[in-house]
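[1] Fold the stuff below for me.
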Amino acid sequence: MHTIHQLFGNGKDLDPLQMSLRAVVVFIISLLLIRLSGRRAFGIRMPFDNVVTILLGAVLSRAIVGASPFFATIIASAVIVLFHRLCGWLSLKNKKIGYLIKGETKILFEDGVLNRENMRYGMISERDLIEGLHINGNIESLEQAKTVYLERNGQISVICKDKADGFKQGPANP
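    Take a look at the predicted model:
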């Protein structure tokens with residue numbers, strides 16, 4: 001036990017070696033927690049998922065610098081990840097909970113008409129909308145878009161007219 005205390009220190013009076021060893025252990029634990037939380041927490045980037053990122057960073061940093069007891073911060077981090085998984089699972093099972101946690105997709109443009117109310121709701125300017133067309137639809141103007149959405153993760157997605165209307169099904173295989 002004395003060796004562990006010497007290697008990892010106790011409290012806020014940590015030398016560089018102790019903080020470095022804590023950082024390595026927290027890195028490994030963080031990697032395990034991220035794997036446990038699933039791809040969505042660190043892939044999709046919804047506000048619901050960003051909360052986990054911010055909280056884990058804040059809590060686990062306290063373990064490295066000794067601002068809070070090491071094992072308490074690890075347990076608190078595990079609780080954050082497990083609660084995130086629970087909320088994700090509940091939102092799969094119940095649409096109302098899913099709406100509360102994740103929000104809903106908003107239509108910004110459809111059939112030649114801008115939905116200015118949804119644009120105001122998402123704080124999306126016409127320039128932001130056009131930028132979304134360029135980046136996500138690979139088109140230049142609204143005339144080429146059938147529908148434009150503000151997705152729950154804050155991204156703009158585009159259904160192009162040629163893709164939505166011009167799809168032709170090939171002959172059926174016998």
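
[2] per-residue confidence at residue 169?
    What the model reports as pLDDT for residue 169 is 39.

[3] Go through the biggest helix by length in the chain and flag the buried ones.
    Longest helix in the chain, counting residues (DSSP state H): helix 70-93. Along helix 70-93, the positions that meet the burial threshold by neighbour count (16 or more other C-beta atoms under 10 Å) are 70, 73-74, 76-78, 80-81, 84-85, 87-88, 91. Glycine gets a C-beta too; all of them are placed from N, C-alpha and C.

[4] Nearest to residue 6 among those residues?
    Relative to residue 6, the closest of the buried residues of helix 70-93 is residue 70; by C-beta to C-beta it sits at 14.4 Å.

[5] Verify the stated contact: that closest one with residue 62.
    No. With contact defined as C-beta atoms under 8 Å, residue 70 does not count as touching residue 62 (9.0 Å).

[6] which neighbours do the two share?
    Taking C-beta atoms under 8 Å, 6 or more residues apart in numbering as the contact rule, residue 70 and residue 62 touch no residue in common.

[7] Give me the domain ranges for the protein.
    As recorded under automatic domain parsing, the domains making up the chain are 2-99, 104-165.

[8] By mean pLDDT, show me the worst of those domains.
    domain 2-99 (a mean of 83).

[9] one step back: would you list the buried residues of helix 70-93 in JSON lines and tack on distance to residue 6?
    Converted to JSON lines, those look like this (distance: C-beta to C-beta, whole Å):
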{"residue": "70", "distance to residue 6": "14"}
{"residue": "73", "distance to residue 6": "20"}
{"residue": "74", "distance to residue 6": "20"}
{"residue": "76", "distance to residue 6": "25"}
{"residue": "77", "distance to residue 6": "25"}
{"residue": "78", "distance to residue 6": "26"}
{"residue": "80", "distance to residue 6": "30"}
{"residue": "81", "distance to residue 6": "30"}
{"residue": "84", "distance to residue 6": "35"}
{"residue": "85", "distance to residue 6": "36"}
{"residue": "87", "distance to residue 6": "40"}
{"residue": "88", "distance to residue 6": "41"}
{"residue": "91", "distance to residue 6": "46"}
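
[10] can you give me the helices in the chain?
    Here the chain has its helices, by DSSP H, at 2-8, 16-37, 39-43, 47-65, 70-93, 95-102, 116-121, 126-132, 161-165.

[11] I'd like to know which of the ones you listed lies nearest to residue 152.
    helix 95-102 (5.1 Å).

[12] So which bits of that closest one are buried?
    By 16+ other C-beta under 10 Å, the buried positions in helix 95-102 come out as 98, 101-102.
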